[in-house]
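Enquirer: Everything below, folded, please.
(2 chains)
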There are 2 protein chains.
Amino acid sequence: MKKSMKVGIAGLGNVGTGLIARLQDQGKLRLDGELVVSGVSARNRSRARPVDISDYAWYDDPVALAKSDDTEIFVELIGGSDGPAKLAVEAALDLGKPVVTANKAMIAEYGEELAQRAEAKKTPLLFEAAVAGGIPIVRAIRESFAGTELKSIRGILNGTCNFLLSEMAETGRDYDDVLADAQRLGYAEADPFLDVSGTDAAHKIAILSSLGFGVPMDFSQVSIHGVDSISLRDLQLAGKLDHKIKLIAEAVQTEFGVICRVEPVLLPKASPLAMIDGPLNAIMIESVHAGNYTLTGPGAGSDATASAVLGDLSALLSDQNTPVFGVCVGLLSQTFCPKDKISQSESKYLIRAELRDKAGALASLTEKLAGSDVSVDALLQDSAGDSEFAPIAIMTHNCSLAAAEEAVSRVNSLDAVHEPARLIRIESS
Amino acid sequence: MKKSMKVGIAGLGNVGTGLIARLQDQGKLRLDGELVVSGVSARNRSRARPVDISDYAWYDDPVALAKSDDTEIFVELIGGSDGPAKLAVEAALDLGKPVVTANKAMIAEYGEELAQRAEAKKTPLLFEAAVAGGIPIVRAIRESFAGTELKSIRGILNGTCNFLLSEMAETGRDYDDVLADAQRLGYAEADPFLDVSGTDAAHKIAILSSLGFGVPMDFSQVSIHGVDSISLRDLQLAGKLDHKIKLIAEAVQTEFGVICRVEPVLLPKASPLAMIDGPLNAIMIESVHAGNYTLTGPGAGSDATASAVLGDLSALLSDQNTPVFGVCVGLLSQTFCPKDKISQSESKYLIRAELRDKAGALASLTEKLAGSDVSVDALLQDSAGDSEFAPIAIMTHNCSLAAAEEAVSRVNSLDAVHEPARLIRIESS
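Expert: As a prediction, this is how the structure comes out:
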């Protein structure tokens, strides 16, 4: 007999209604059983929705839906790291019910605590949809690469930021202008803070760090810089140096622990991640012995995210019960690199300044740098155009962040420098 | 208490010894338990190997290893679609023991029968390593995309062929020369037939068809053409038309069923698969609602393949028991497109001929084509160089294979045509 499971869905936004549309036509899917929507919950019952929900029991309270005897699997699509989403997930786990969630903030901030609840009841907590939309990166790292020692996980994990940077670079329009456009097109939220500040990408890379390196979740250790600091001029100078600027989220195994950070970096134009433009996401997995892997696809959107939720539901039909982070929480034995140690790791940097367009200015700048611990790989002075300030880009050889920051303060001490000089890390691939 | 499982490994070639090396250092892996090698089997006990196997019980007969009370999980790395590999896998499954295999030929040719044996004993049969080395494509399609309706799966699944084509195009050396080189470098087997004939890629795409579209395995329905028919001149002409020739394996849902085929095709140089050069593999998954996904990585090699085997072993430590092809064999309800229907699907084609370099030859060729059902999108006549024959490339608009073949026979009927004209399909992305 075909297995059948009753699913309660809390949250009926784009992803929730997208999920219901697929479940209403599930004959086309390759599920080893049947998923029956038993109940739904959202803030507003009467809101117009693209799917008919009149056949499903309505719950005003997601916790009541989670606890209902008619709910065998609880799907949480409410969002928000705590509040009703977390209360409802806790209620379901405490009753030993499998949970599927798309909630990256909740997993990044409370993942360890929730995993312990799931372990206590030996029930699954799945969150493929929390990272990179439909790209199956959570299962790949948790299960497929469980027997593969990793060096790094690096990716473009926020489509909004990637769209903003791609669009600015291509059209030469500035940040505020492109952001307003993205909001009109639905690529950016009315309040874009979570995306542009790098927080959303940081939630995702924190989750992947835990899965890929066995680090207990600790979101406070993630170093986060957003795209809101990137100007059109930064992008243009990077372009002249044959690089692109991308918001890169990365988790890298180092001698000090796992560096987990999100920041805009320069990438050579021909590198795989530099070629990911617009709303796509991409993740590169670098292993110690088994080579490098790249996964790309739509990182957001109702159907892509619903696809990830459906993959998790399918695993529950097959009674899968893998530990939440691949191994039991007690075995998560690696550590994050403390934020203050991150500055000791070496990188190449771009120092960008605006230099008064007058004789001797460049000479005084190079002289200042000569006294620092930073050696210059390339220097580009661009035309000042109509302005009295010429953009200057200095690409350094490998140095510590501390040395690069010291060089920046030397540059800033020059009278000829207009606006404080800025620092952007360069990755070589 | 940490879970522990005893693993018997049959086949100690590159993959088997690579797997043992990782298992001997498994503290570095993220396994939720312990994998203990209990016994090994290979043809030659005394052969020098890069790992020490003296601690493991030796079995001359892989069937005896599979049956041994000390074997809880049987890993088959012997190869060959039948013979000892299949006998040993059957013995393990019949005793209800989980099996992990890298054997694409066996799964493609006997997958349905083996899945039925596994189902009868409710035991897992896993084969991530059978397709695309370390790329987690089997689990992605079987599990992550189980709730996602697919349109097509297309990929570069044979690194040897991809290396040969990349190398010919880049160096201008001909097929035999580059093949001899690849054999010296270890990129091609002494007997390259399975690779260059397209059979190896066909085994892999047959497996992915079954997983992605719910088609019962039937290897006889796969249409197979290899790279051995591709000449340097084909590659050069394709290059002048801004295309590359790649051996593409694809499974496409059509009204006639699932087309499953392997053949060299022209791809625009900027398309994602055209950019995969050398020994890499890549797979693109096109879905109906949830967008398109690409996975790339090393498609062969001992460590990449061992990584896939380890991912499967990790799933067994978590007691995963997903149906072999995602759903029970009885629910595999789709059908392959019969080979004779494939010719009715429309494509663009390249017709390549060598035309005597004399007045009127080109006019007579275009006249011949004008009477066919094929309309010409672009025509390139290249220089005859020192020869008396000029290469001609005709790119058609969409037409059926039958119409394209009829056009080729018209071209061949011309006196001015040297060597029979040839036909290569063009894909637009």
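Enquirer: Assign a three-state SS to the closest residue to chain B within the stretch 251-400 of chain A, would you?
Expert: Closest to chain B within the stretch 251-400 of chain A is A:Leu310: 2.4 Å, counting by CB to the nearest CB. From N, CA and C alone the C-beta is placed, and that goes for glycine too. When classified by DSSP: H, G, I helix; E, B strand; the rest coil, A:Leu310 comes out as helix.
Enquirer: State the distance from it to A:Ser387.
Expert: 54 Å (CB to CB, to the nearest Å).
Enquirer: Those two: which has the busier surroundings?
Expert: Neighbours were tallied for A:Leu310 and for A:Ser387 using other CB atoms under 10 Å in any protein chain shown; the higher tally belongs to A:Leu310 (29 against 12).
Enquirer: from memory that one sits against B:Glu143, does it?
Expert: No. Counting by CB atoms under 8 Å, A:Leu310 stays clear of B:Glu143, with 10.5 Å between them.
Enquirer: the strands in the stretch 301-429 of chain A, which residues?
Expert: For the stretch 301-429 of chain A, applying DSSP state E, counting those that start in this stretch gives strands covering A:346-356, A:376-381, A:389-396, A:399-400, A:417-426.
Enquirer: What average pLDDT does the longest one get?
Expert: Model confidence over strand A:346-356, given as mean pLDDT, is 91.
Enquirer: what distance separates that strand from the centre of its chain?
Expert: 26 Å (CA atoms, centre = their mean, to the nearest Å).
Enquirer: how about the residues of the stretch 251-400 of chain A near chain B?
Expert: Residues of the stretch 251-400 of chain A lying close to chain B by CB under 8 Å from any CB of the partner chain are A:287-298, A:301, A:303-304, A:306-311, A:313-315, A:318-323, A:326-328, A:331.
Enquirer: for the residue of the stretch 251-400 of chain A closest to chain B, what are its contacts?
Expert: A:Leu19, A:Arg22, A:Leu23, A:Leu29, A:Leu31, B:Ala146, B:Gly147, B:Thr148 (CB atoms under 8 Å, 6 or more residues apart in numbering or on different chains).
Enquirer: Need the nearest residue in space to the fourth one, chain neighbours excluded.
Expert: What that stands for is A:Leu29. Spatial nearest neighbour of A:Leu29, excluding adjacent residues (CB to CB, 6 or more residues apart in numbering or on different chains): B:Gly147 at 4.9 Å.
Enquirer: In helices only, show me the contacts of A:Leu310.
Expert: Members of these lying in helices (criterion: DSSP state H): A:Leu19, A:Arg22, A:Leu23.
Enquirer: Could you pick out the buried ones from the residues you listed?
Expert: Neighbour-count burial (16 or more other CB atoms under 10 Å in any protein chain shown) applied to the ones in helices among the contacts of A:Leu310 gives A:Leu19, A:Arg22, A:Leu23.
Enquirer: right, and out of the residues you listed, which lies closest to A:Ile156?
Expert: Within those, proximity to A:Ile156 (CB to CB) peaks at A:Leu19, which comes in at 24.9 Å.
Enquirer: where's the closest one relative to chain B, distance?
Expert: Using CB to the nearest CB, to the nearest Å, A:Leu19 is found at 9 Å from chain B.
Enquirer: residues contacting the nearest residue to that residue once chain neighbours are set aside?
Expert: Spatial nearest neighbour of A:Leu19, excluding adjacent residues (CB to CB, 6+ apart): A:Ala306 at 4.2 Å. Listed by CB under 8 Å, 6+ apart, the contact partners of A:Ala306 are A:Val15, A:Gly18, A:Leu19, A:Ala21, A:Arg22, A:Ala129, B:Ala290.
Enquirer: tell me the domain boundaries of chain A?
Expert: Domain segmentation of chain A under automatic domain parsing yields A:4-136+A:305-326, A:142-297+A:333-341, A:343-426.
Enquirer: closest to B:Thr101 out of the ones you listed?
Expert: Closest approach to B:Thr101 among the domains of chain A (CB to CB): domain A:142-297+A:333-341, 15.5 Å.
Enquirer: So what's the residue count around the residue of the stretch 51-200 of chain A found nearest chain B?
Expert: Closest approach of the stretch 51-200 of chain A to chain B (CB to the nearest CB) occurs at A:Gly147, with a separation of 2.4 Å. When neighbours are defined as other CB under 10 Å, A:Gly147 has 27 of them.
Enquirer: What of A:Asp25?
Expert: By other CB under 10 Å, 11 other residues sit near A:Asp25.
Enquirer: Please report how far it lies from chain B.
Expert: For A:Asp25, the distance to chain B equals 8 Å [CB to the nearest CB].
Enquirer: Of the domains of chain A, which is nearest B:Val411?
Expert: Closest to B:Val411 of the domains of chain A is domain A:142-297+A:333-341 (CB to CB; 38.9 Å).
Enquirer: Would you agree A:Ala130 is in contact with A:Ala102?
Expert: Yes. Using CB under 8 Å, A:Ala130 is in contact with A:Ala102, at 5.6 Å.
Enquirer: residues making contact with the helix or strand of chain A at the bottom of the mean pLDDT ranking?
Expert: Between all helices and strands in chain A, the lowest mean by mean pLDDT, DSSP states H and E belongs to helix A:339-342, at a mean of 81. Here helix A:339-342 makes contact (CB under 8 Å, 6+ apart) with A:Gln221, A:Ser223, A:Phe256, A:Gly257, A:Ile259, A:Arg261, A:Leu401.
Enquirer: If you count neighbours, what's buried in that helix?
Expert: If you call a residue buried by 16+ other CB under 10 Å, then helix A:339-342 has these buried ones: A:Ile342.
Enquirer: repeat for stretch A:413-429
Expert: For stretch A:413-429, a neighbour-count test (16+ other CB under 10 Å) marks A:Leu414, A:Ala416, A:Val417, A:His418, A:Ala421, A:Arg422, A:Leu423, A:Ile424, A:Arg425, A:Ile426, A:Glu427 as buried.
Enquirer: got the contact list for A:Pro192?
Expert: A:Thr160, A:Leu179, A:Ala182, A:Gln183.
Enquirer: So for the closest residue to the last one other than its chain neighbours, what's the pLDDT?
Expert: Nearest-residue entry for A:Gln183: A:Ala190, 6.4 Å, with adjacent residues in sequence omitted and distances by CB to CB, 6+ apart. What the model reports for A:Ala190 is a pLDDT of 87.
Enquirer: A:Ile205 is in contact with A:Gly155, correct?
Expert: Yes. With contact defined as CB under 8 Å, A:Gly155 reaches A:Ile205; the gap is 7.4 Å.
Enquirer: Identify the contacts common to these two.
Expert: Jointly contacting A:Gly155 and A:Ile205 under the rule CB under 8 Å, 6+ apart are A:Ala249, A:Glu250.
Enquirer: For the stretch 51-200 of chain A, what lies in contact range of chain B?
Expert: Proximity of the stretch 51-200 of chain A to chain B, by CB under 8 Å from any CB, involves residues A:128, A:133-136, A:139-140, A:143-149.
Enquirer: let's see it at 6 Å
Expert: Applying CB under 6 Å from any CB of the partner chain, we find that the stretch 51-200 of chain A lies next to chain B at A:Gly134, A:Pro136, A:Arg139, A:Ala140, A:Glu143, A:Ser144, A:Ala146, A:Gly147, A:Thr148, A:Glu149.
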